[in-house]
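Undergrad: any chance you could fold what I've pasted below:
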Amino acid sequence: MAKTAIKDVVERPTRVPVSGPRDLLTVADRDPNYVYRWVNDTTGRVERFKTGGYECVEDAGEIGQSTVDRGSRLGSVVTRSVGGAVTAVLMRISREWYDEDQAAKMDEIDRLEESMRQEALQDRYGTLTIESSKK
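TA: Coordinates of the predicted model:
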């Protein structure tokens, strides 16, 4: 009688506890040159993001936990049902453009904070003590 070869050991998938939060929107294997976000596909919202430099993701690799309602494709775009009859579209923008947008937002915040400081320092509303966290 011939001996049968032992089959390769197949690793068991990582168990995810039922009681924990479901991870439905995490995208694995993302390109580090891009910043990703889910955009609700409501009237004009996806188009607004496209105008801002975002593009729809067509191949996202692994999305969230393994569930029955896996990320699906609308045409070839990656989508996910997010509840209330709303579908989210996975979009991305180049990290360079994202960083420029974030810097512009911070410039506006800094400008507003400076105008508030200047107004407060005019002593119209009492005293002001400013402790800067910037180094």
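
Undergrad: from now on I want contacts and neighbour counts done on CA atoms only, so please keep to that.
TA: Noted.

Undergrad: packing partners of the host helix or strand of Val78?
TA: If you go by DSSP states H and E, Val78 is part of strand 77-83. Judged by 3 or more Cα pairs under 8 Å, 6 or more residues apart in numbering; DSSP states H and E, the packing partners of strand 77-83 are strand 72-74, strand 86-94.

Undergrad: lowest-pLDDT helix or strand in this structure?
TA: Least confident helix or strand of the chain, by mean pLDDT, DSSP states H and E, is strand 72-74 with a mean of 48.

Undergrad: which ones are touching Thr42?
TA: Val86 (Cα atoms under 8 Å, 6 or more residues apart in numbering).

Undergrad: show me where this structure has helices.
TA: Counting by DSSP state H, the chain has helices at residues 45-51, 95-121.

Undergrad: residues near Glu108, how many?
TA: Counted by other Cα atoms under 10 Å, the residues lying close to Glu108 total 12.

Undergrad: gap between it and Glu131?
TA: To Glu131, Glu108 is 20 Å away according to Cα to Cα, to the nearest Å.

Undergrad: could you do Asp41 as well?
TA: Using Cα to Cα, Asp41 is found at 42 Å from Glu131.

Undergrad: the more surrounded of these two?
TA: Asp41 (17 against 6).

Undergrad: just for the chain, where's the confidence low?
TA: In the predicted model, the chain carries pLDDT under 70 at residues 1-9, 15-24, 59-75, 123-130, 133-135.

Undergrad: hang on, the earlier thing: just say which of the helices of the chain is most tucked in.
TA: When these are scored by mean count of other Cα atoms under 10 Å, the highest mean neighbour count falls to helix 45-51 (a mean of 14).

Undergrad: dump that helix to PDB, restricted to CA.
TA: Extracted in PDB, the C-alpha atoms of helix 45-51 (Å, rounded to 0.1, in the frame of the first residue of the first chain):
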ATOM      1  CA  ARG A  45     -21.400  65.300  -5.100                       C
ATOM      2  CA  VAL A  46     -19.200  62.800  -7.100                       C
ATOM      3  CA  GLU A  47     -19.000  65.300 -10.000                       C
ATOM      4  CA  ARG A  48     -17.900  68.100  -7.500                       C
ATOM      5  CA  PHE A  49     -15.100  65.900  -6.300                       C
ATOM      6  CA  LYS A  50     -14.000  65.100  -9.900                       C
ATOM      7  CA  THR A  51     -13.900  68.800 -10.600                       C
END
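
Undergrad: brilliant, that's me finished.
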